[in-house]
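Enquirer: The following block contains a protein sequence and its predicted model.
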Amino acid sequence: MPLTPWACSHCGFWQKHFAPSGCPVCEDTRNDLPADGWDFWPEEKVAAHLTGHWRRLERDMVAFSTTPAFGLNGTGWLLLHPDGNTAFEAAPYYTPPMIEEIRRLGGIRFLAASHVHGYGALWQLQDVFRPEVLAIQKEDLRLTKAMRVDTPYDEVLELRPGQVLHHVGGHYEGQAVLHDARRRILFCGDAFKVDQDAEGRNLAVSTHKAFHKSIPITPGEARRYRDVIAALDFDTVCTPFEHAPGIGREVALAVLDDQLRGPPGVRHIPIEELTR
């Protein structure tokens, strides 16, 4: 049997494998096992199932997504730059029209993700666009079965001036954030979760080890987040799932300070409390 891409239908994690016998993301404490057992889809089935979408956002950024929901159903962010675009996180899959739109926008020079919940189809972007860099923090290399990481890093990696990856750990051992100084955006992975309404208005912010199971981060992990984030200037966060203008550094630090004051917990703090 040839080595081919397979996606876990439960969480969307891709593996290039002969025939997967399990999914390391579903088996991890941050996710649940599929109730009906393993169901791995070949690329052809995923491609037939999903429709691609993209939307142009302010600050020269494009968000790529698919419907219907598949796996964790993340968003791929494409940051446009005259000397080569940066892609951070990835959609669950990239249909031919999505690939053509990225090509029309100039392709991809730098490719990275915060942690496995944001990987999506990173392998596909690497196979199609052959970026100079595919960067993953060294602690998460065990989860990169679908792609070839050519730039593992330790604590900090500058992709270009003003676009810097910072290892923060916490939610995942190798979790990293991408700070884009020019855009004043923190691509924060799952360091924060932003609850939003149907119109995309911010309602509450939380931090967690496992969101759906309400497992909190430890005080040491919160301090690590705070030490890194306090030095970064931003007025917007992007998780693998939410685009959240208005969630800036002061709001992020207030969430972490709340975590450090009280007993560990996953508290969804209303935005009104964080901005007064």
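Expert: Ah, there it is.
Enquirer: What segments of the stretch 101-250 of the chain are helices?
Expert: Using DSSP state H, counting those that start in this stretch, the helices found in the stretch 101-250 of the chain span residues 122-129, 219-229, 249-261.
Enquirer: Out of those helices, which one sits most buried?
Expert: helix 122-129 (a mean of 20; mean count of other CB atoms under 10 Å). All C-beta atoms are positioned from the backbone trio N, CA, C, and that covers glycine.
Enquirer: between the helices of the stretch 101-250 of the chain, which one is nearest to Ala204?
Expert: helix 249-261 (9.6 Å; CB to CB).
Enquirer: so the closest one versus helix 219-229, what angle?
Expert: 160 degrees (axes from the mean of the first three to the mean of the last three CA atoms, to 10 degrees).
Enquirer: same for helix 249-261, what does it pack against?
Expert: Helices and strands touching helix 249-261, by 3 or more CB pairs under 8 Å, 6 or more residues apart in numbering; DSSP states H and E, are strand 202-206, helix 219-229, strand 269-270, helix 271-275.
Enquirer: any chance of these in CSV, with distance to Tyr93 and mean pLDDT too?
Expert: CSV is the format used below for the helices and strands packed on helix 249-261 (distance: least, CB to CB, whole Å; pLDDT from 0 to 100):
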stretch, distance to Tyr93, mean pLDDT
strand 202-206, 28, 97
helix 219-229, 31, 97
strand 269-270, 34, 96
helix 271-275, 33, 92
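Enquirer: Strands along the stretch 1-150 of the chain, start to end?
Expert: 4-8, 14-17, 40-42, 51-57, 61-67, 76-79, 86-88, 110-112, 133-137 (DSSP state E, counting those that start in this stretch).
Enquirer: can I get the helices of the stretch 101-250 of the chain in JSON lines with distance to Arg183?
Expert: Formatted as JSON lines, those follow (distance: least, CB to CB, whole Å):
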{"stretch": "helix 122-129", "distance to Arg183": "20"}
{"stretch": "helix 219-229", "distance to Arg183": "16"}
{"stretch": "helix 249-261", "distance to Arg183": "14"}
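Enquirer: Let me know which of the ones you listed is the nearest to Asp28.
Expert: helix 219-229 (16.4 Å).
Enquirer: Just send the strands of the stretch 1-150 of the chain back as JSON lines, with mean neighbour count and mean pLDDT too.
Expert: Shown next, in JSON lines, are the strands of the stretch 1-150 of the chain (neighbours: other CB atoms under 10 Å; pLDDT from 0 to 100):
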{"stretch": "strand 4-8", "mean neighbour count": "22", "mean pLDDT": "97"}
{"stretch": "strand 14-17", "mean neighbour count": "21", "mean pLDDT": "96"}
{"stretch": "strand 40-42", "mean neighbour count": "17", "mean pLDDT": "97"}
{"stretch": "strand 51-57", "mean neighbour count": "15", "mean pLDDT": "98"}
{"stretch": "strand 61-67", "mean neighbour count": "20", "mean pLDDT": "98"}
{"stretch": "strand 76-79", "mean neighbour count": "26", "mean pLDDT": "98"}
{"stretch": "strand 86-88", "mean neighbour count": "26", "mean pLDDT": "98"}
{"stretch": "strand 110-112", "mean neighbour count": "26", "mean pLDDT": "98"}
{"stretch": "strand 133-137", "mean neighbour count": "23", "mean pLDDT": "98"}
